[in-house]
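Trainee: Okay, predicted coordinates and the sequence, questions at the end:
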Amino acid sequence: MVSAIFPAAGQGKRMHAGKNKVFLEIAGEPILVRTLRQFSQVKEIGELIIAVGAGEERAVRAMLEAADERKPLKPWRMVLGGKERQDSVWNALQASSPAADVVLVHDAARPLISTDVIEHVIERARCMGAAIAAVPSKDTIKVVDEHHNVTSTPDRRTLWCIQTPQGFQRDLLIAANEKAIADHFLGTDDASLVERYGAPVEVVMGGYENIKVTTPGDLIIAEAFLQTRERSTNK
């Protein structure tokens, strides 16, 4: 069985919407609901755990109960998010079922993830211990010093843009988080904790449409991707 964790407690200041961006709608449905629906289509996933911001519990519950009435989601529950994303994931991880052998962590604001990618991440995480979705960088990346001078140009063939879901064997993710807590280490993503713990992390091909909705322009892009996907499905 697989547990899926969704950090959804961020303030989303760059969206300038006056509310948590996961409540915003894409094609008539809230971002969070669209995200959860994608994971609810994956047979192996047994539970959805959403880390929500303080004071948003009632609104999230009402939104998900309404979604369940329209079309049931996989079993879900909420936990209180923390100060940092890493804290929110830890709270959700502690609430996950011990029966889960794999835990997925996915940004609540990535509603366009494909079920194929989710299933591939699960497969490789189960096999390797840790696997993360990513896409090759399309851009040349420069390393720049504090004076804005270029110091090097990494080989683009070695550079990947990391996405979610990130999947881990549950015991490994717990151990990596416990070490990070003990060392007062704050990582940039969940995989960075596992890397620091000393375990290998495999990259799984994601999708360029799997964007994280962060700014108002991302809503337009997400709608366009969604319309293209629906046209392709209906052919």
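Mentor: Cool, got the structure.

Trainee: V144: how many residues sit nearby?
Mentor: By other CB atoms under 10 Å, the residues close to V144 number 11. (C-beta placed from N, C-alpha, C; glycine too.)

Trainee: Could you report the separation of it from T188?
Mentor: From V144 over to T188 the distance is 18 Å, taken as CB to CB, to the nearest Å.

Trainee: try A66
Mentor: 34 Å.

Trainee: Repeat that for E209.
Mentor: Distance of E209 to T188, computed by CB to CB: 23 Å.

Trainee: try A95
Mentor: From A95 over to T188 the distance is 23 Å, taken as CB to CB.

Trainee: Have a look at the chain and report its longest helix.
Mentor: Across the chain, the longest stretch assigned as helix under DSSP state H is helix 216-234.

Trainee: For that one, C-alpha coordinates in PDB please.
Mentor: Only the C-alpha atoms of helix 216-234 are listed here, as PDB (Å, rounded to 0.1, in the frame of the first residue of the first chain):
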ATOM      1  CA  PRO A 216      -1.000  34.200 -11.800                       C
ATOM      2  CA  GLY A 217       0.500  33.400 -15.100                       C
ATOM      3  CA  ASP A 218       0.800  29.700 -14.100                       C
ATOM      4  CA  LEU A 219      -3.000  29.500 -13.900                       C
ATOM      5  CA  ILE A 220      -3.200  30.400 -17.600                       C
ATOM      6  CA  ILE A 221      -0.500  27.900 -18.500                       C
ATOM      7  CA  ALA A 222      -2.200  25.100 -16.400                       C
ATOM      8  CA  GLU A 223      -5.600  25.800 -18.100                       C
ATOM      9  CA  ALA A 224      -3.900  25.500 -21.500                       C
ATOM     10  CA  PHE A 225      -2.200  22.300 -20.700                       C
ATOM     11  CA  LEU A 226      -5.500  20.900 -19.200                       C
ATOM     12  CA  GLN A 227      -7.500  21.900 -22.400                       C
ATOM     13  CA  THR A 228      -4.800  20.200 -24.600                       C
ATOM     14  CA  ARG A 229      -5.000  17.000 -22.400                       C
ATOM     15  CA  GLU A 230      -8.800  16.900 -22.500                       C
ATOM     16  CA  ARG A 231      -8.800  17.400 -26.300                       C
ATOM     17  CA  SER A 232      -6.300  14.500 -26.700                       C
ATOM     18  CA  THR A 233      -8.400  12.300 -24.400                       C
ATOM     19  CA  ASN A 234     -11.600  13.000 -26.200                       C
END
